[in-house]
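Trainee: give me a model of this one.
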Amino acid sequence: MSNFKRVLSFAIVALSVACLTVLGGIFESGELSVSARSPLTMASPQPTQVQRLAQQPLQELRVSEVWRLVYQQLPDFPKENNYVSKETGKVDPNNTLVGRLIRYHLFVKGRPGNYRLDWKLTLADYLGVTPEFLEESVYPGGDVLRLNPMERDRTVIQDLNRAQRDTLIQVLVDIFNGNAPSVPAAGGSQERSPSQVPPAPQPGDAKLLMP
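Mentor: Next up, the predicted model:
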């Protein structure tokens, strides 16, 4: 009986050693480590990638449509959209002053859209009261329109008074912060509040900017 126990114990020990040897070889070869880790390393970036792809079109759409929301709230604000496209040879009604202002602010200067101070700095660029000067070579619209709209845009911004500039800035900040009011249905009538209609510009008002 004792001999049987010794043989059984020896067999168990031998089997354990064999199993450990096989597992050690697998770990050294990296086969088990790759198969065990690969699902984690491949799966973990997927939620971020999917989220980024899902958000990107929304962000692009929002930026491209902001100027429309601005004009819906400020229908009397100058559009300056009578420039001829180089590609089509026709007037491009979608190339507006506010659209160019937004592209300059976001893409040329790299400023965020949800802070008043940054928009004041951008308008100060147009007014020429900051060291940052507008450049025709990088001004939005200059590469797609037959006539670079920069100088005319500067003139229009300079003709605004302080109240008009403040109204424009507030509307832009509200939109970029998601606080823009809902757009009324087509054909519906909505009375505009006094804050939505910019007052008429007065001579010399372009010098009143106080960043």
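Trainee: can you give me the neighbour number for the nearest residue to V108 once chain neighbours are set aside?
Mentor: Leaving aside its sequence neighbours, V108 sits nearest to V138 (CB to CB, 6 or more residues apart in numbering; 5.5 Å). Using the backbone N, CA and C atoms, a C-beta is placed for each residue, glycine as well. Using other CB atoms under 10 Å, V138 has 13 neighbouring residues.
Trainee: G110 is in contact with V138, correct?
Mentor: No. Contact criterion CB atoms under 8 Å: V138 and G110 do not qualify, at 11.9 Å.
Trainee: what comes up buried for stretch 78-86?
Mentor: For stretch 78-86, burial by neighbour count (16 or more other CB atoms under 10 Å) applies to P78, K79, E80, N81, Y83, S85.
Trainee: again with stretch 93-109
Mentor: Going by neighbour count (16+ other CB under 10 Å), the buried part of stretch 93-109 is 95-106, 108.
Trainee: looking at it, L97 is touching T155, isn't it?
Mentor: No. The criterion here is CB under 8 Å, and L97 misses it with T155 at 10.6 Å.
Trainee: next, give phi and psi for P149.
Mentor: P149 adopts backbone torsions of phi -90, psi 10, taken as degrees, to the nearest 10.
Trainee: tell me the secondary structure at the closest residue to it other than its chain neighbours.
Mentor: Once flanking residues are discounted, P149 sits nearest to G141: 4.9 Å by CB to CB, 6+ apart. Of the three states, G141 takes coil under DSSP: H, G, I helix; E, B strand; the rest coil.
Trainee: OK, contacts around G141?
Mentor: Y83, N95, R100, N148, P149, M150 (CB atoms under 8 Å, 6 or more residues apart in numbering).
Trainee: if we go to 7 Å?
Mentor: Each residue near G141 by CB atoms under 7 Å, 6 or more residues apart in numbering is listed here: Y83, N95, R100, P149.
Trainee: could those residues be laid out in CSV, adding pLDDT?
Mentor: Shown next, in CSV, are the contacts of G141 (pLDDT from 0 to 100):
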residue, pLDDT
Y83, 98
N95, 96
R100, 96
P149, 98
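Trainee: which pair of those spans the longest distance?
Mentor: The largest distance within the contacts of G141, taken as CB to CB, falls between Y83 and R100 and amounts to 9.7 Å.
Trainee: any common contacting residues for those two?
Mentor: With CB under 7 Å, 6+ apart, Y83 and R100 have common neighbours G141, P149.
Trainee: part of a strand, is R100?
Mentor: No. Using three-state DSSP, the assignment for R100 is helix, not a strand.
Trainee: count of residues packed around the residue nearest to it when sequence neighbours are not counted?
Mentor: Spatial nearest neighbour of R100, excluding adjacent residues (CB to CB, 6+ apart): P140 at 4.3 Å. Residue neighbour count, defined by other CB under 10 Å, stands at 22 for P140.
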